[in-house]
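Asker: Pasting the sequence and the predicted model now:
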Amino acid sequence: MLFQPLFTHAQQHPQDVAIIDDKGQYTYQQLAAAAAGLGMYLSLQTDKPSVGLLLPPSAGFAASFYGTLLSGKSVVPINYLLGDREIAHVIADSGIDTVVTIPQLAPRIENADLKIVDLSQLPQTPPAALTPHFPSPSPDDTAVLLYTSGTSGLPKGVILTYGNLQSDVDASIEAADLQHRHKFLGVIPLFHAFGLTAGLLAPIQLGSTVVFLARFSPVGMVNAIRDHQLSIVFGVPAMFGAVAHLKSATPEDFKSIYALIAGGDALPATLREGFKARFGITIYEGYGLSETSPVVAINTPQVNRPGAVGKPLPGVEVKIIDDSGKLLATGQEGEVWLKGPMVMKGYHNLPNETAAALTADGYLKTGDLGKLDADGFLYITGRKKDLIIVGGEKAVPREIEEALARHPAVAEAAVVGKKDPSRGEVVVAFCTLKPGQSATPEQLRTFARDQNLATFKVPREVFIVEELPRSPTGKVLKRVLAEKANAA
């Protein structure tokens, strides 16, 4: 479970390339040997149940991830883009005393009382280490303690079991018809659930090759796709947006692609349509959460519907619930509740939050708003906490953002609520502009009004900004924008 495929491929196809990263390429035999050696080393380093990984997407992360599991311990991927206070919280809350890292990232934890395992100082493990002692975890045992990026408060530890992750990998491979022949791009950080499952666990299970980029850049992404003839690319919408603005990119760069799949944030319709018009390639949107390992729905080349996030994966149950807990009919909008083998065990050290998120019969209350159509496609329309209540009427930010994004000068739009003494809240928009384009706030307000938005949904104020604040994984930080709107 999880680690066996690595060693199966290493024995059956030892010279197949598993990983290409910024330092070189590594066969399945080399990766398995490194993981086995690290597993033995880590088992002697700590008596704690978990080991921290502070590493960029790389062969080193992969070897350390599988090595930690082989040592019988769970993995705590540490988000190196978090602030010092948040990293200190992750270390303290998880209870780790050992972290595997590299010299470039070690300063982030230099003041913590930890055993530091410097990957650059470890000797090369001989191929004889290919036959390690395999632990025998149960499906309910913790494999990964994954901390959310902390967009509101300190990060929460999501307990993901072997069964959670394995079921999600299996269902994702089945739904998207992923094959051994596919070559993957790993550009989403592996401390993120999307990056971990789609960029590491799935390709290694298939015996495929994955090309890791330690740091995202649109040029680097396009070069990797072209130079390595990659066929599967998972990314967040902001990454695809950056590529869409790259003047040097051409349709020829994407001729090897089987599927571009976006997740982690809403995919704007203007980006999806603009990308297809320029490059002839469809971006397929999926949906998931850290709490669901993460994928729960996905559009694929075989089964897709623009605007939806796809059909639920095999084994996933979805229902739409109103504010009173009542089940809503097809086409009605409410909170999305999910059930399936990939739903987390709970939040680490947070029993009250776990009880609030998981129902007695196993459904996860996602906090996302959405609906199901008659064919079973799921649509995500916004976040419940992001709803703006204007004089008792509900304004969903995504609808307004999509309307503003249709303006030819607008690159991105983000909408939040601002406190108002007479109406409770009013709508405020923050917009970035495309290079070489111009628009005034009043022009954008007029444009929004002309998009057949209800009057209360038209932004009271529009701020034109250089960039939108984002989390380490590219999600727009609405909380920060709301603070700016209210301060203004």
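Answerer: On my side now, so go ahead. Numbering: from 1, shown residues only.

Asker: is it true that residue 253 touches residue 222?
Answerer: Yes: counting by C-beta atoms under 8 Å, residue 222 is a contact partner of residue 253 at 5.2 Å. Heads up, the C-betas are built off the backbone N, CA and C, glycines and all.

Asker: Name the helix or strand for the spatially closest residue to residue 10 that is not a sequence neighbour, please.
Answerer: Nearest-residue entry for residue 10: residue 32, 3.6 Å, with adjacent residues in sequence omitted and distances by C-beta to C-beta, 6 or more residues apart in numbering. If you go by DSSP states H and E, residue 32 is part of helix 28-45.

Asker: what angle sits between whichever helix or strand comes after that helix and helix 28-45?
Answerer: With elements assigned by DSSP H and E, the helix or strand that comes after helix 28-45 is strand 50-54. Put simply, strand 50-54 runs at 120 degrees to helix 28-45, going by axes from the mean of the first three to the mean of the last three C-alpha atoms, to 10 degrees.

Asker: My guess is residue 413 contacts residue 430. True?
Answerer: Yes: using C-beta under 8 Å, residue 413 is in contact with residue 430, at 7.2 Å.

Asker: what are the bridge partners for residue 19, then?
Answerer: Beta-bridge pairing for residue 19 (DSSP bridges): residue 26, residue 210.

Asker: Ignoring the adjacent residues along the chain, who's closest to residue 140?
Answerer: Once flanking residues are discounted, residue 140 sits nearest to residue 161: 5.5 Å by C-beta to C-beta, 6+ apart.

Asker: Can you give me the domain assignment for this protein?
Answerer: 4-372, 387-487 (automatic domain parsing).

Asker: gap between the two ends of the last one?
Answerer: Same thing as domain 387-487. 19 Å (C-alpha to C-alpha, to the nearest Å).

Asker: before we move on, what about the longest one?
Answerer: Distances were taken as C-alpha to C-alpha; on that basis the terminal residues of domain 4-372 are 37 Å apart.

Asker: Report the mean per-residue pLDDT for it.
Answerer: Mean per-residue pLDDT for domain 4-372: 94.

Asker: for it, the distance to its chain's centre please.
Answerer: On the basis of C-alpha atoms, centre = their mean, to the nearest Å, domain 4-372 is displaced by 7 Å from the centre of the chain it belongs to.

Asker: And for stretch 370-388?
Answerer: Centroid separation for stretch 370-388 versus its chain: 18 Å, with C-alpha atoms, centre = their mean.

Asker: could we number from 688 for the rest of this?
Answerer: All right, first residue 688 from here; so that's stretch 1057-1075.

Asker: What is the end-to-end distance of it?
Answerer: 16 Å.

Asker: Buried ones in the helix holding residue 719, by neighbour count?
Answerer: Across helix 715-732, burial judged by 16 or more other C-beta atoms under 10 Å covers 715-730, 732.

Asker: What about residue 770? Give its phi and psi, please.
Answerer: Phi and psi for residue 770, reported as degrees, to the nearest 10, are phi -80, psi 170.

Asker: actually residue 1134, not the one I typed
Answerer: Main-chain dihedrals, residue 1134, degrees, to the nearest 10: phi -60, psi -40.

Asker: looking at it, it is touching residue 1094, isn't it?
Answerer: Yes: using C-beta under 8 Å, residue 1134 makes contact with residue 1094 at a distance of 4.9 Å.

Asker: So for these two, which sits in the more crowded spot?
Answerer: Taking other C-beta atoms under 10 Å, residue 1134 and residue 1094 do not tie; residue 1094 has more neighbours (22 against 19).

Asker: Look up how far residue 802 lies from that one.
Answerer: 54 Å (C-beta to C-beta, to the nearest Å).

Asker: Could you do residue 885 as well?
Answerer: 31 Å.

Asker: and residue 998, what does it touch?
Answerer: When contacts are counted by C-beta atoms under 8 Å, 6 or more residues apart in numbering, residue 998 is found next to 862, 984-986, 990, 1063-1065.

Asker: and what of residue 1173?
Answerer: The contact partners of residue 1173, taken as C-beta under 8 Å, 6+ apart, are 1105-1106.

Asker: Okay, and it sits in which element?
Answerer: helix 1165-1174.

Asker: cool, residue 910 as well?
Answerer: helix 905-915.

Asker: Which of the residues in the helix or strand following that helix are classified as buried?
Answerer: Downstream of helix 905-915, the first helix or strand assigned by DSSP H and E is strand 919-922. For strand 919-922, a neighbour-count test (16+ other C-beta under 10 Å) marks 919-922 as buried.

Asker: So which other helices or strands are in contact with whichever helix or strand comes after strand 919-922?
Answerer: Using DSSP H and E, the next helix or strand after strand 919-922 towards the C-terminus is helix 924-931. Helix 924-931 is packed against helix 905-915, strand 946-949, helix 956-966, with contacts defined by 3 or more C-beta pairs under 8 Å, 6 or more residues apart in numbering; DSSP states H and E.

Asker: Mean neighbour count for those - can I get that in a markdown table?
Answerer: What follows is the helices and strands packed on helix 924-931, written out as a markdown table (neighbours: other C-beta atoms under 10 Å):
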| stretch | mean neighbour count |
| --- | --- |
| helix 905-915 | 17 |
| strand 946-949 | 25 |
| helix 956-966 | 17 |
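
Asker: So which of the ones you listed is nearest residue 892?
Answerer: strand 946-949 (16.7 Å; C-beta to C-beta).

Asker: List the pairing partners of the closest one within its sheet, with orientation.
Answerer: Here strand 946-949 is paired, per DSSP bridges, with strand 919-922 (parallel), strand 970-975 (parallel).

Asker: hmm, who's touching it?
Answerer: 863, 885, 918-924, 927, 941, 962, 968-973, 985-988.

Asker: hey, C-alpha coordinates of it in CSV?
Answerer: Provided in CSV are the C-alpha atoms of strand 946-949 (Å, rounded to 0.1, in the frame of the first residue of the first chain):
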residue,chain,number,x,y,z
ALA,A,946,-4.6,16.5,-20.3
LEU,A,947,-4.1,19.8,-18.5
ILE,A,948,-5.9,19.6,-15.2
ALA,A,949,-6.5,22.6,-12.9
